[in-house]
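Asks: Got a sequence here, can you model it:
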Amino acid sequence: MRRELLRSASYGLLAALLFAVAPASTGLADPTDPVNPLKKRFLTGKALDICDQGSFFIGGVPKVTNFATSTTPAPAQVIIGQAYVQFQIPTKRRQWPIIMIHGSAHTGAALDATADGTEGWLSQSVRNNLATFIMDQPGRGRSGSDASVINEAKALIQGGNVAGGLALLPTVGGIADTGAWTSWFGHIIPAGSNILNGTMIRHGDPGDPNTPETVPPSEGHGNYPPAFPIPPIDSSIDAHILARDGAIGPAPNPVNNAFLALNYYKQLVPNFEALLPSSTCNTCNPTTVAPDSTWDGLAMANLVEYLGGAIVSPHSQSGIHVLHMIRILRERGKLDLVKGIIIPESAIGLATFANAGITPKDFDHIPFLLMNGDYRPGTARVANREMFAAINASPTRTVGPATYVDLDDPKFGGKYLGTTHMNMIGTTSSEVFDFALKWAEDNIPNPMVQTSCPGGKGTNG
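Replies: Okay, here's the model as predicted:
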């Protein structure tokens, strides 16, 4: 069982001791050692019984451009919009696999392991007899993007067409370390300050503006820290980043150094899918579909169809993309291939249904679970609840009610308190996924179909 967060006065004492030490030391064991798999095992329990594992790419289209790798024009072809997929198939598996897709500013690494080096949802899923496919969104991570857009823009600027070159360059989104902190883990106080002149605090620390400053406000949270690898949790930070070794730019307020050294921040990447083209959808409102929804929605649909059916589990930004997947599969007459949807937080609602050109009736035959943790904006919760009410109001629904869950609900007895938006890599990650797996067992027909490794005897991997 994963270690639990300390939720007592001793937590505050440890934190005080942590910040009292010199910047080059955390006061803990070397935080880079425990995440070394040669010294500390990530997996929980016995070895995984793996029949097969590997990777492949799904989708993509050819693009002929004069600027594939240079600002010097020369016709060449590149493939864009493809998605990288890694997979593990257990020796004993159920019929329907699960597809997991990360959210904004992340890659499939968010499903591999927790931020402090313990078993992630990929391993936990395989351990529970699910063939598991992890996809990097097109334009992100191992899926690659389209550098020809940057090269073409630079060529125009060099040629004197500055306006034309700048017009080609999109804003590349993502999330900064400090943006992740203030969105999910805590605050910078006083209000209006920043990491240079303010103080970073966790949710539950003295000075926490609880209820969080959202409109409408979130449900209030208790006096406890986030369930996430944050000091004084062991293995939560990198000692070299804490010491600001090789740091670039102005120095932050030194009291913030530990919270700015989270190992988790290394997962954050730019949203380079912005370099991919948008698309047109006549049934969507608006009819122009942004690059992220265009390509991720298409990749999900292609992968579900390729596998012959699957449970789909998007997170955050990809929750919006799964709505476009629903539209695409409906248009192909393949919507029956979606065997279930499990979403660990996403800001989707009836407005995003209209954006994707779908209606609540499109979910009539799809078991559907959405979980929200602590610190979730009130607007997201309200939109989620309205959406699920509309889905369940459909008179032609043939499966059980779509299930919306607030994990901070008192009915859970505090089991999931402190669960953040990044719930798959927090300290309650295995418990949250256990909840999702139990729901799937109760709501998605998924019999065992393989009890040995085809073509040979199953072996422990």
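Asks: just the helices in the stretch 201-350 of the chain please.
Replies: 239-242, 291-307, 317-331, 350-356 (DSSP state H, counting those that start in this stretch).
Asks: out of these, nearest to His203?
Replies: Closest approach to His203 among the helices of the stretch 201-350 of the chain (Cβ to Cβ): helix 239-242, 21.3 Å. Quick note: C-beta positions are derived from backbone N, CA and C, even for glycine.
Asks: Could you give me the buried positions within that closest one?
Replies: For helix 239-242, the neighbour count (16 or more other Cβ atoms under 10 Å) marks Ala239, Ile241, Leu242 as buried.
Asks: cool, stretch 186-199 as well?
Replies: Applying 16+ other Cβ under 10 Å to stretch 186-199 flags Gly186, His187, Ile188, Ile189, Ile195, Gly198, Thr199 as buried.
Asks: Quick one: residues in contact with it.
Replies: 178, 181-182, 200-203, 205, 207-209, 213, 226, 250-253, 255-256, 259-260 (Cβ atoms under 8 Å, 6 or more residues apart in numbering).
Asks: now swap in stretch 386-396 and tell me
Replies: The set of residues external to stretch 386-396 that reach it, using Cβ under 8 Å, 6+ apart, is 348-350, 353, 360-361, 363-364, 368, 370, 397, 401-404.
Asks: taking those one by one, which sit in strands?
Replies: Cross-referencing the contacts of stretch 386-396 against strands under DSSP state E gives Phe368, Leu370, Thr403, Tyr404.
Asks: can I get these in TSV with pLDDT?
Replies: Converted to TSV, the ones in strands among the contacts of stretch 386-396 look like this (pLDDT from 0 to 100):
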residue	pLDDT
Phe368	98
Leu370	98
Thr403	98
Tyr404	97
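Asks: Nearest to Ile425 among those residues?
Replies: Leu370 (18.7 Å).
Asks: which residue packs closest to the closest one, ignoring adjacent ones?
Replies: With Cβ to Cβ, 6 or more residues apart in numbering as the criterion, Leu370 has its nearest non-adjacent residue at 4.4 Å, and that residue is Ile343.
Asks: Same question for Gly222.
Replies: In space, Gly222 comes closest to Leu417 once its chain neighbours are excluded; the distance is 6.5 Å by Cβ to Cβ, 6+ apart.
Asks: quick one on the thing from earlier: of the helices of the stretch 201-350 of the chain, which is nearest Asp136?
Replies: Across those, Asp136 has its closest neighbour in helix 291-307 (9.3 Å, Cβ to Cβ).
Asks: what comes up buried for the closest one?
Replies: For helix 291-307, by 16+ other Cβ under 10 Å, it's 291-305, 307.
Asks: what's the offset of that helix from the middle of its chain?
Replies: Here helix 291-307 is found 16 Å from its chain centre; the criterion is Cα atoms, centre = their mean, to the nearest Å.
Asks: Counting by contacts, list what that helix packs against.
Replies: strand 50-58, strand 83-90, strand 98-101, strand 132-136, strand 310-314, helix 317-331 (3 or more Cβ pairs under 8 Å, 6 or more residues apart in numbering; DSSP states H and E).
Asks: List just the nearest of the ones in strands among the contacts of stretch 386-396 to Ala109.
Replies: Looking across the ones in strands among the contacts of stretch 386-396 and measuring by Cβ to Cβ, the closest to Ala109 is Leu370, at 23.0 Å.
Asks: what sits against that closest one?
Replies: Gly319, Ile343, Glu345, Ser346, Ile348, Asn384, Phe388, Ala402, Thr403, Tyr404, Val405.
Asks: Please report the distance of it from Leu156.
Replies: Relative to Leu156, Leu370 is positioned 44 Å away (Cβ to Cβ, to the nearest Å).
Asks: same deal with Asn223?
Replies: In terms of Cβ to Cβ, Asn223 sits 56 Å off from Leu156.
Asks: Could you do Gln88 as well?
Replies: According to Cβ to Cβ, Gln88 stands 45 Å off from Leu156.
Asks: what's the answer for Ser318, then?
Replies: From Ser318 over to Leu156 (counting by Cβ to Cβ), the distance is 33 Å.
Asks: between the two, who's got more neighbours?
Replies: Ser318 (26 against 20; other Cβ atoms under 10 Å).
Asks: Contacts only, for the more buried one.
Replies: Ile101, His102, Gly103, Gln137, Asp296, Met300, Ser346.
Asks: Quick one: which of those residues is the most crowded by neighbours?
Replies: Asp296 leads the contacts of Ser318 on contacts (other Cβ under 10 Å) with 32 neighbours.
Asks: Spit out the contact partners of that residue.
Replies: Ala83, Ile101, Gln137, Pro138, Glu273, Ser318, His321, His324.
Asks: can you count the residues close to the nearest residue to it once chain neighbours are set aside?
Replies: For Asp296, ignoring the flanking residues on the chain, the nearest one in space by Cβ to Cβ, 6+ apart is His321 at 3.9 Å. Counted with other Cβ under 10 Å, the neighbours of His321 add up to 28.
Asks: I'd say His321 and Gly103 touch.
Replies: No: His321 is beyond contact range of Gly103, at 9.6 Å (criterion: Cβ atoms under 8 Å).
Asks: list residues touching both of the two?
Replies: Listed contacts common to His321 and Gly103 are Pro314; contacts here mean Cβ under 8 Å, 6+ apart.
Asks: Tell me how many other residues surround Pro360.
Replies: 18.
Asks: Nearest to Gln53 among the buried residues of stretch 186-199?
Replies: In terms of Cβ to Cβ, no member of the buried residues of stretch 186-199 lies closer to Gln53 than Gly186, at 37.3 Å.
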